[in-house]
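*Asks:* model this:
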Amino acid sequence: MTKYEHKHSMVQLDRTWFLVTFLFAGLTSISRGFAQEQLPAPISPSAGPVISGQSPTATPTPPPSNSSPAPLQMQPLNTLLNQPNANQAGQAQPAAGPFFTPRASASTSAVSQRAFSPSMIGDGFAPAPFKVMFKEGGSSGQSGAYISVPGAGGSVGTSKIVENASPIPRDRVYFNYSDFNGVPLTVNGVNVNRYTPGFEKTFFNGMSSIEVRTPFASTLSNNLYVFDSNNGGSTQFGDLTIYLKQLFYRSETFAASAGLGFELPTASNTNVYGFANQQLFSVKNQAVHLLPFLGSVYSPNDQLFVQQFLQFDFDANGNSVQTNSPNSSPTTVGRLTDMSYLYYSIGAGYWLYNNPGSDQFLTRIAPIVELHYNKSLTSTDLVSAPPQFIGAQGINQDLLNGTIGVTAMFKQNSTLTLGYVTPLSSIDHRQFNSEFRLMFNWFFGGSVNRFSRVQF
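*Replies:* Numbers count the residues shown, from 1 in each chain. The predicted structure follows:
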């Protein structure tokens with residue numbers, strides 16, 4: 001790469017980083033501004049939470065001046081937040097249930113049983129597969145084969161935070177299904193059916209959570225043959241993904257969180273074979289991906305909700321490449337490092353039907369629309385082991401996908417979401433031709449704060 005090309009690529013990277021950062025910061029600032037406008041007037045801490053339609057209690061009468069003051073007693077924070085007070089005794093509480101179990105709260109915002117922001121639907125499959133080129137003796141003339149090969153674990157795909165997730169920590173178990181059409185893992189493309197069971201558990205009074213995802217898929221086999229354009233299909237387990245989430249800001253209408261994900265190398269290695277089933281090389285699945293993210297949700301009323309995620313994807317250590325020959329043991333010739341990525345997603349929905357207090361089975365219905373931007377921050381890697389050249393340089397990803405869907409809530413403890421994802425980028429910059437998504441969530445445990453619209 002020339003100095004000019006390197007400088008030009010850095011300018012493009014700086015512009016992309018500036019644009020996404022400015023957009024996220026701007027939306028967050030605007031949302032927080034709206035959130036502050038929605039907050040009620042401050043009241044006395046002793047008055048307890050205010051319920052819509054009620055007035056705060058009168059200020060308590062001060063003690064006589066001649067009485068001696070009582071000594072100051074320090075109490076733990078959890079005791080202060082959860083202790084009942086007299087003002088709450090006659091107040092209405094949200095309906096009890098597996099998801100809406102009422103607890104005391106220190107919030108002074110209005111109680112809203114009708115507000116809830118469901119998980120985002122998501123998009124995407126995985127970083128682009130690398131190429132394998134076979135050239136005569138390392139010369140510039142191409143000979144015999146030029147194939148696409150997914151990276152180790154790449155035939156199942158990467159699990160981004162935006163896929164069936166909320167910026168707010170929650171107690172839930174879930175199941176995701178994705179039907180990808182035309183994933184370019186081979187020259188002719190592959191249809192991939194991915195299944196992702198997972199769970200999320202909150203800690204520290206609902207402010208933190210840990211989430212575990214275990215994807216597997218009916219997809220391209222991890223054993224590939226150079227002159228087979230199909231390479232058959234098989235069931236492959238993907239990389240185990242763990243997300244840690246921390247809620248660091250919340251008001252009645254706005255909440256923001258941050259976290260870190262770890263994609264662990266639990267998928268199979270990628271093995272490539274030539275004539276007579278001779279193994280040419282293998283890519284060991286060793287890379288650990290670090291996935292930091294920021295998220296926010298804004299709900300100005302009981303119907304509307306807007307959510308966004310900003311995430312990065314960094315390959316921490318790469319995958320080693322081993323070549324094989326009939327007369328020698330496997331030899332490590334280098335490491336392939338996956339591209340670094342930036343992911344930005346924003347979505348909005350509106351509860352057209354919203355009746356959570358009823359005894360009906362179906363209590364909510366909301367259409368949802370989302371936009372997802374995926375940008376590679378580095379180029380693909382290359383390992384040279386003549387006559388094989390594994391990987392490719394100069395291939396960058398700049399992808400925009402659109403998602404439409406609908407979420408339905410049943411009773412107060414489960415949601416079902418159907419979604420359709422379509423690429424909005426050119427044909428050369430697509431991870432798939434189309435995608436259908438189905439997601440089911442079952443919420444358990446008690447709610448921590450029912451005095452805000454950005455519900456737990």
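
*Asks:* what's the weakest-modelled helix or strand in the protein?
*Replies:* Using mean pLDDT, DSSP states H and E, helix 77-82 stands out as the lowest-scoring helix or strand of the chain, at a mean of 40.

*Asks:* tell me which element Asn271 falls in.
*Replies:* Using DSSP states H and E, Asn271 falls within strand 270-273.

*Asks:* got it, and Ser268?
*Replies:* Using DSSP H and E, Ser268 falls outside every helix and strand.

*Asks:* Likewise for Leu342?
*Replies:* Per DSSP H and E: Leu342 is located in strand 341-350.

*Asks:* Please tell me how far Pro292 sits from Val162.
*Replies:* 14 Å (CB to CB, to the nearest Å). C-beta: built from backbone N, CA, C; applies to glycine.

*Asks:* intersection of neighbour lists for the two?
*Replies:* Residues touching both Pro292 and Val162 (CB atoms under 8 Å, 6 or more residues apart in numbering) are Gln311.

*Asks:* quick one, which of the two is more surrounded?
*Replies:* In terms of neighbours (other CB atoms under 10 Å), Val162 is the more surrounded of Pro292 and Val162; the figures are 29 against 14.

*Asks:* For the more buried one, list the residues it contacts.
*Replies:* 120, 122-123, 309, 311, 343, 345, 372.

*Asks:* Also Leu244?
*Replies:* Here Leu244 is in contact with 208-211, 259-261 (CB under 8 Å, 6+ apart).

*Asks:* go with 10 Å
*Replies:* 169, 203, 208-211, 258-262 (CB atoms under 10 Å, 6 or more residues apart in numbering).

*Asks:* before we move on, what about Asn317?
*Replies:* Counted by CB under 10 Å, 6+ apart, Asn317 has contacts 265, 286-289, 335, 337.

*Asks:* same thing but 6 Å
*Replies:* By CB atoms under 6 Å, 6 or more residues apart in numbering, the residues touching Asn317 are 287-288.

*Asks:* Over to the one 4 residues further on?
*Replies:* By CB under 6 Å, 6+ apart, the contact set of Val321 is 283, 333-334, 336, 383, 390.

*Asks:* one more time with 10 Å, if that's ok
*Replies:* Contacts of Val321 (CB under 10 Å, 6+ apart): 152, 270, 281-284, 331-336, 381, 383, 385, 388, 390-391.

*Asks:* Same check on Thr422?
*Replies:* 123, 401-404, 430, 432-435.

*Asks:* Of these, which one scores lowest on pLDDT?
*Replies:* In this model, the minimum pLDDT among those belongs to Arg430 (80).

*Asks:* residues touching the residue nearest to that residue when sequence neighbours are not counted, list them.
*Replies:* Spatially, and ignoring its direct neighbours in sequence, Arg430 is nearest to Pro423 (4.4 Å; CB to CB, 6 or more residues apart in numbering). With contact set as CB under 10 Å, 6+ apart, Pro423 has these partners: 123, 182, 372, 399-402, 429-435.

*Asks:* Specify which member of those residues is nearest to Phe254.
*Replies:* Closest approach to Phe254 among the contacts of Pro423 (CB to CB): His372, at 21.9 Å.

*Asks:* residues near the closest one, how many?
*Replies:* 25.

*Asks:* just Val421 next, same as before
*Replies:* 24.

*Asks:* How about the contacts made by it?
*Replies:* If you count contacts by CB under 10 Å, 6+ apart, then Val421 has 121-125, 178, 180, 370, 372, 401-405, 431-432, 434-437 around it.

*Asks:* how close does it get to Thr219?
*Replies:* Val421 is 17 Å from Thr219, by CB to CB.

*Asks:* Same check on Tyr344?
*Replies:* 26 Å.

*Asks:* got it, and Val156?
*Replies:* Counting by CB to CB, the gap from Val156 to Thr219 is 6 Å.

*Asks:* same thing with Gly189?
*Replies:* Distance from Gly189 to Thr219, by CB to CB: 12 Å.
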